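*Asks:* With the sequence up front, the predicted model follows.
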Amino acid sequence: MAAEASATTTPIPGLLLLDLPVHGDSRGWFKENWQREKMRALGLPDFGPVQNNISFNDTAGTTRGIHAEPWDKYVSVATGRIFGAWVDLRQGPTFGAVFTAEITPSRAIFVPRGVGNAYQTLEPATAYTYLVNDHWSPEASYSFLNLADETTAIDWPIPLAQAELSDKDKNHPRLADVTPVPPRKILITGANGQVGRALRELYGEAAHIEYTTRAEFDIASTNLAAARRWRDYGTIINAAAYTAVDAAETADGRATAWAVNAAAPAQLARIAAENGIALVHISSDYVFDGAATEPYAEDTPFSPLGVYGQSKAAGDLAAATAPRHYIVRASWVIGEGSNFVRTMASLAERGIDPKVIDDQHGRLTFADDIAAGIHHLLETGATHGTYNLTSRGDAQSWADIARDVYRSLGHDPARVTSVSTDEYYADATAVIAPRPRNSELDLGRIIGAGFAPRDSARALAEYLAESAP
């Protein structure tokens, strides 16, 4: 037997065949049937099994399937041998793809959700065992395929006419009549915000994509866990946030900021952990005080100045408790809707010469880049954790960016006057939140994960060409 476990890919995406070391002597044999860390190292997902089932089969020729349930399976045998057959019943280009293999005590197979599973015993007294990551529920959707479907052309070692089958398995529909299994759902919160709108543009209106706004779905509700059948979801992208930085310093704003930015992510993280969901959470440069002289790394300790930053830092800590989490930290977000760039463009076109702060430095982050970065992390299965994501290029002040806007639109950048933060707010009567002076984020980790943020100047020019008034 092989000294180490190994994994082999198959023509069905996500279906992985495992060869397992079996150690034997005169007493019998021993194997590690499932070892989480070793399986993860071989490329299996950390699928979180919740139940172990065993099907004992008295005679050779016992045939069961083809069943596709809404959970992942890890299939092996304790005694005997089986001929296994798997058919991809998921939506997509591999629908109907078939893979067959013999499974013995030294071999196992990981079967992803939506792939039909069947087997035929090749020896009497075969104990077929499988781990699953969900419990059976009458509310769940199940797909079944006829064992004798001509389309799949499965070459059963023992002809089905001589095999032991249940009446149900004899009468399942043919492939042409099977409704493909849809992907697990993706829930995107904050769909009316700048990042939410960019995510809607990227993900579109596919049936398995759900969008919700704070008005439609109170993400701070104490009943959030009961709001949906969460086992049907594979990803939650939390783009909802309370971003009124100054209003967050007031009594009403403080309560809302903590409910939306901290309490809600804590509930989502709990739901994600309990249901095997990937949680994506949008973070902010405001979790730092801006006192550093270097760009902030993902693991720099938090030091927020105001209520907004404090509530966002608490939300980050909560989101990080989900085993499968991506915290995407941005700064100075620009997307569809009201924002600094649109304001400067409007002032330029109306002939107004603004005073703009020049002692706060950072980089713009365009909402469509955030959406693209999130999609990249999810699609590539990047290592879970926190990723800074802004545009590339030198850090700039708000005044620098304002001049770039004026220049790009054909106006004299000298019309923009630089002022300090203290000068800008000198006459303010409302409560003004403290702001970090340095918002530059280190981009090494997101670039190392294979995502290339756009250059700041190019991204700004493209945004103005498409979006400015």
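*Replies:* Yep, it's here. Numbers count the residues shown, from 1 in each chain.
*Asks:* Quick one: the helices in the stretch 201-350 of the chain, in order.
*Replies:* 251-258, 264-275, 307-319, 340-349 (DSSP state H, counting those that start in this stretch).
*Asks:* Please identify the buried residues of the second one?
*Replies:* It stands for helix 264-275. 264-273, 275 (16 or more other C-beta atoms under 10 Å). Heads up, the C-betas are built off the backbone N, CA and C, glycines and all.
*Asks:* Out of those residues, give me the two with the largest separation.
*Replies:* Largest separation among the buried residues of helix 264-275 by C-beta to C-beta: 264 and 275, giving 16.4 Å.
*Asks:* picking up where we left off before, just name the most buried of the helices of the stretch 201-350 of the chain.
*Replies:* Compared across those, helix 307-319 shows the largest average neighbour count, a mean of 24 (mean count of other C-beta atoms under 10 Å).
*Asks:* Among the helices of the stretch 201-350 of the chain, which comes closest to residue 450?
*Replies:* Of all the helices of the stretch 201-350 of the chain, helix 307-319 comes closest under C-beta to C-beta, at 22.3 Å.
*Asks:* Domain parsing of this protein, as residue ranges.
*Replies:* 6-177, 185-467 (automatic domain parsing).
*Asks:* Below-threshold pLDDT in the chain: ranges please.
*Replies:* For the chain, applying pLDDT under 70 flags the ranges 1-2, 215-222, 468-469.
*Asks:* can you map out the strands along the stretch 1-150 of the chain?
*Replies:* All strands of the stretch 1-150 of the chain, identified by DSSP state E, counting those that start in this stretch, fall at 6-9, 16-19, 23-25, 28-30, 51-57, 63-68, 73-79, 82-88, 98-103, 107-111, 115-121, 126-132, 143-144.
*Asks:* Ignore what I typed, I meant the stretch 201-350 of the chain.
*Replies:* Using DSSP E, counting those that start in this stretch, strands in the stretch 201-350 of the chain cover 209-212, 233-238, 278-284, 325-330, 333-334.
*Asks:* Generate CSV for those strands, with mean neighbour count as supplementary columns.
*Replies:* Formatted as CSV, those follow (neighbours: other C-beta atoms under 10 Å):
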stretch, mean neighbour count
strand 209-212, 18
strand 233-238, 23
strand 278-284, 26
strand 325-330, 24
strand 333-334, 24
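*Asks:* so how far is stretch 420-438 off the chain centroid?
*Replies:* Taking C-alpha atoms, centre = their mean, to the nearest Å, one finds stretch 420-438 lying 37 Å from the centre of the chain it belongs to.
*Asks:* Can I get it in PDB, CA atoms only?
*Replies:* Coordinates of each C-alpha in stretch 420-438 appear next as PDB, following Å, rounded to 0.1, in the frame of the first residue of the first chain:
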ATOM      1  CA  SER A 420      -5.600  71.100   6.800                       C
ATOM      2  CA  THR A 421      -8.300  68.900   8.500                       C
ATOM      3  CA  ASP A 422      -8.400  71.400  11.400                       C
ATOM      4  CA  GLU A 423      -8.900  74.300   9.000                       C
ATOM      5  CA  TYR A 424     -11.600  72.500   7.000                       C
ATOM      6  CA  TYR A 425     -13.700  71.800  10.100                       C
ATOM      7  CA  ALA A 426     -12.900  75.000  12.000                       C
ATOM      8  CA  ASP A 427     -16.400  76.400  11.600                       C
ATOM      9  CA  ALA A 428     -18.300  73.200  11.900                       C
ATOM     10  CA  THR A 429     -21.300  73.200  14.300                       C
ATOM     11  CA  ALA A 430     -22.100  69.500  14.200                       C
ATOM     12  CA  VAL A 431     -20.100  66.700  15.800                       C
ATOM     13  CA  ILE A 432     -17.100  65.800  13.600                       C
ATOM     14  CA  ALA A 433     -15.600  62.300  14.000                       C
ATOM     15  CA  PRO A 434     -11.800  62.000  14.100                       C
ATOM     16  CA  ARG A 435     -10.300  60.600  11.000                       C
ATOM     17  CA  PRO A 436      -7.100  58.700  10.300                       C
ATOM     18  CA  ARG A 437      -4.400  60.800   8.600                       C
ATOM     19  CA  ASN A 438      -2.700  57.700   7.000                       C
END
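*Asks:* buried stuff in it?
*Replies:* 421, 424, 433-438.
*Asks:* which outside residues touch stretch 25-41?
*Replies:* 5, 18, 20-24, 46, 49, 74, 76, 105-106, 108, 110, 129, 131 (C-beta atoms under 8 Å, 6 or more residues apart in numbering).
*Asks:* picking that back up, from the buried residues of helix 264-275, which is closest to residue 67?
*Replies:* residue 275 (21.6 Å).
*Asks:* Now for that closest one: which residues touch it?
*Replies:* For residue 275, the contact set (C-beta under 8 Å, 6+ apart) comprises 230-231, 233.
*Asks:* Would you reformat these as JSON lines and include distance to residue 305?
*Replies:* Rendered in JSON lines, the data for the contacts of residue 275 read as follows (distance: C-beta to C-beta, whole Å):
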{"residue": "230", "distance to residue 305": "35"}
{"residue": "231", "distance to residue 305": "40"}
{"residue": "233", "distance to residue 305": "35"}
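*Asks:* Report the secondary structure state of residue 196.
*Replies:* Put simply, residue 196 is helix when judged by DSSP: H, G, I helix; E, B strand; the rest coil.
*Asks:* Touching, it and residue 188? I think so.
*Replies:* Yes: using C-beta atoms under 8 Å, residue 196 is in contact with residue 188, at 6.3 Å.
*Asks:* CA-only coordinates of stretch 149-156, as CSV, when you get a sec.
*Replies:* Output of stretch 149-156 as CSV, limited to C-alpha atoms (Å, rounded to 0.1, in the frame of the first residue of the first chain):
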residue,chain,number,x,y,z
ASP,A,149,-30.3,5.3,-17.9
GLU,A,150,-28.9,4.7,-21.4
THR,A,151,-27.3,8.2,-21.6
THR,A,152,-24.8,7.5,-18.8
ALA,A,153,-23.9,4.1,-20.3
ILE,A,154,-22.6,2.8,-16.9
ASP,A,155,-21.1,-0.7,-17.3
TRP,A,156,-22.3,-2.4,-14.2
